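Enquirer: Below is the sequence, then the predicted model.
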Amino acid sequence: MLTIHAASRKGPSGFILVTTMLLGLVLTVTAATGFIVTRTQKKIAGNFDRTVRTFQASDSALQLGKKAIKDWLQAEQEDNELAYFTDILEDSAEQGDVLTVGGTSFKDLIYGDASYTLYLTNNEADIAGAGSSTVDTDRILKLVSKATGTKSPSSVTIETYIQSPAPESEGGTVKFPVMPGATNLCGDVKEQDVHLHNNTKIMGEIHNLPSWNCTGSSCIGALGGGVGRDGLVGKDALKHKVQLHDNATISGDPTGLKYDNTLDCTQMRNFANELAQLDKSLSWVDVIEDAIIQNKELGTPARPKVTILSGVNKKIGNVKGAGILMIHSEGEEEEMEIEIGRNFLYFGMIIIYGNAKTKYWMKKNSYVYGSVTILSGNDESETDPAEKYKLKMSKNAFIRYSSGGTRIAHRTVGGELTLTSEGELNDTAAGSVINISWREVY
């Protein structure tokens, strides 16, 4: 018998099933991973957001604490003398070092989504020197702000050191010096010699600050409103010489050129001496000893600095800065020569402080918005005046008074400067509290 068997046929159905199952597994794992990653990222973002809000609470608490301390200082001062911190340290120590001002304790207070506590203690060096945690001898305190989120366990601690200026009875300067001119030749000197050339200008009228990123002619700020200053003010010179050439001008509000033998330079000299004694390790103080200074930024309007250039000979070019710039010969009797070259822009106060013959030369697109004071180290009680001041400006160099620049200089050392309704400067530096360092401790 003939038997016919059908051929066996095997299709791809088994392979397809396995492949489909593998693809399904991969998609499931991918989806699960994506879900986990997204959830983790949301948690990270949420934690970061809560940490930022807690940080803001801690930082804001610091500002509230400093304001309370400043208000206390102003209430305690007598005849512009600043009180030490001993009383406030004792009050805070009684509350477990929690900042306590005028009976108010800064403990477990609420700011936004966080609670905060401020702690006030003396600085370590003062404790070691005085042998007591509540006896203040240097007007420097440590203020710590600790904030904890009310909706999350996020915690941020910020630690800062604060300082009040030294009282005048100890040789310090309480008041910020407000000089009468955009440019001041201040102190006892035998001769004042001023030469302006090639479209240079000294202007006491108030000018608005130009853009910080300006270059060349775009750095010429427009006139502003309010009461300005005299253009150039000289004092106590046995001989005066002022020469203007090639469209150079001196103008001011009310006068351009003024000689005033009643001008009091003592406050500016005390202020300059205080600057010279600043702790050079402070973050807002720079000391530069180089003879040639180029391509540097000496502070910004947002973060101004006290910059001290020590020595008798300086060449400066391609430099921008904001705050207070003091060029100081540190008691040397040599001739002092300062040359500020092209592309110099400064917002604030410049002080040239020497004891002998001083030459200050601005040239080639150098712009100052604020004031310049050339100051003799010899006070009016000394019988031997400085030899000579020489101010030379050429090729589009400008000194323009600016209340904005003056505010920046004042803010550099911790004060507050405002304008009265008549446009005059109000000085409220007495009782100011200065930040001398700042760090976050997580």
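Expert: Received it, and whenever you're ready, just let me know what you need.
Enquirer: so what strands line up beside the host helix or strand of residue 309?
Expert: Element membership for residue 309, per DSSP states H and E: strand 305-310. According to DSSP bridges, strand 305-310 forms sheet pairs with strand 285-288 (parallel), strand 313-328 (parallel).
Enquirer: Could you list the buried residues of the longest one?
Expert: The neighbour-count criterion (16 or more other Cβ atoms under 10 Å) identifies 314, 316-317, 319-328 as the buried residues of strand 313-328. Every residue, glycine included, has its C-beta placed from N, CA and C.
Enquirer: With the shortest one instead?
Expert: Residues of strand 285-288 classed as buried: 285-286, 288 (neighbour count, 16+ other Cβ under 10 Å).
Enquirer: Return it as PDB; C-alpha atoms alone will do.
Expert: Taking Å, rounded to 0.1, in the frame of the first residue of the first chain, the C-alpha atoms of strand 285-288 are listed here in PDB:
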ATOM      1  CA  VAL A 285      39.500  95.700  50.500                       C
ATOM      2  CA  ASP A 286      42.200  95.300  47.900                       C
ATOM      3  CA  VAL A 287      45.800  96.500  48.300                       C
ATOM      4  CA  ILE A 288      47.900  96.700  45.200                       C
END
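Enquirer: can you give me the strands for the stretch 301-442 of the chain?
Expert: Using DSSP state E, counting those that start in this stretch, the strands of the stretch 301-442 of the chain run over 305-310, 313-328, 336-340, 344-354, 358-363, 366-376, 386-394, 398-400, 417-419, 425-427, 434-441.
Enquirer: what angle separates the fourth one from strand 358-363?
Expert: So that's strand 344-354. 170 degrees (axes from the mean of the first three to the mean of the last three Cα atoms, to 10 degrees).
Enquirer: Pairing partners for strand 344-354, with directions?
Expert: In the sheet, strand 344-354 lines up with strand 313-328 (parallel), strand 366-376 (parallel) (DSSP bridges).
Enquirer: In CSV, list those strands along with distance to residue 95 and mean pLDDT.
Expert: CSV is the format used below for the strands paired with strand 344-354 (distance: least, Cβ to Cβ, whole Å; pLDDT from 0 to 100):
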stretch, distance to residue 95, mean pLDDT
strand 313-328, 37, 89
strand 366-376, 43, 89
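Enquirer: nearest to residue 248, of those strands?
Expert: strand 366-376 (13.8 Å; Cβ to Cβ).
Enquirer: Distance from that closest one to the middle of the chain?
Expert: 18 Å (Cα atoms, centre = their mean, to the nearest Å).
Enquirer: helices and strands of the chain: which one bottoms out on pLDDT?
Expert: Ranked by mean pLDDT, DSSP states H and E, the weakest helix or strand in the chain is strand 417-419, scoring a mean of 38.
Enquirer: could you dump the strands of the stretch 301-442 of the chain to a markdown table with distance to residue 192?
Expert: Shown next, in a markdown table, are the strands of the stretch 301-442 of the chain (distance: least, Cβ to Cβ, whole Å):
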| stretch | distance to residue 192 |
| --- | --- |
| strand 305-310 | 22 |
| strand 313-328 | 18 |
| strand 336-340 | 15 |
| strand 344-354 | 13 |
| strand 358-363 | 10 |
| strand 366-376 | 9 |
| strand 386-394 | 5 |
| strand 398-400 | 15 |
| strand 417-419 | 28 |
| strand 425-427 | 25 |
| strand 434-441 | 34 |
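Enquirer: out of the ones you listed, which comes closest to residue 53?
Expert: Here strand 434-441 is closest among those (Cβ to Cβ), at 14.8 Å.
Enquirer: still on that earlier bit, to residue 395, which of the strands paired with strand 305-310 lies closest?
Expert: strand 313-328 (12.9 Å).
Enquirer: how far away is residue 148 from residue 92?
Expert: 20 Å (Cβ to Cβ, to the nearest Å).
Enquirer: In terms of packing, which of these two has more residues around it?
Expert: residue 92 (24 against 18; other Cβ atoms under 10 Å).
Enquirer: residues touching residue 253, list them.
Expert: Contacts for residue 253 (Cβ atoms under 8 Å, 6 or more residues apart in numbering) come out as 204-206, 227-230.
Enquirer: and of the residues you listed, the nearest to residue 191?
Expert: Of the contacts of residue 253, the one sitting nearest to residue 191 (Cβ to Cβ) turns out to be residue 230, at 20.3 Å.
Enquirer: I'd assumed residue 252 was in contact with that closest one.
Expert: Yes - using Cβ atoms under 8 Å, residue 230 is in contact with residue 252, at 4.2 Å.
Enquirer: Common neighbours of these two, please.
Expert: Joint contacts of residue 230 and residue 252 (Cβ under 8 Å, 6+ apart) are 181-182, 204, 258.
Enquirer: which one of those residues sits closest to residue 350?
Expert: Distances from residue 350 to the shared contacts of residue 230 and residue 252, taken by Cβ to Cβ, are shortest for residue 182, at 10.9 Å.
Enquirer: Could you find the closest non-adjacent residue to the closest one?
Expert: Once flanking residues are discounted, residue 182 sits nearest to residue 401: 3.9 Å by Cβ to Cβ, 6 or more residues apart in numbering.
Enquirer: In terms of pLDDT, where does that neighbour sit?
Expert: What the model reports for residue 401 is a pLDDT of 93.
Enquirer: thought it was touching residue 206?
Expert: Yes - using Cβ under 8 Å, residue 401 makes contact with residue 206 at a distance of 6.2 Å.
Enquirer: so how far is residue 404 from the residue nearest the centre of the chain?
Expert: Centroid check for the chain by Cα atoms, centre = their mean gives residue 304 as the closest residue, at 3.0 Å. Distance of residue 304 to residue 404, given as Cβ to Cβ: 12 Å.
Enquirer: Next, show the common contact partners of those two.
Expert: Joint contacts of residue 304 and residue 404 (Cβ under 8 Å, 6+ apart) are residue 347.
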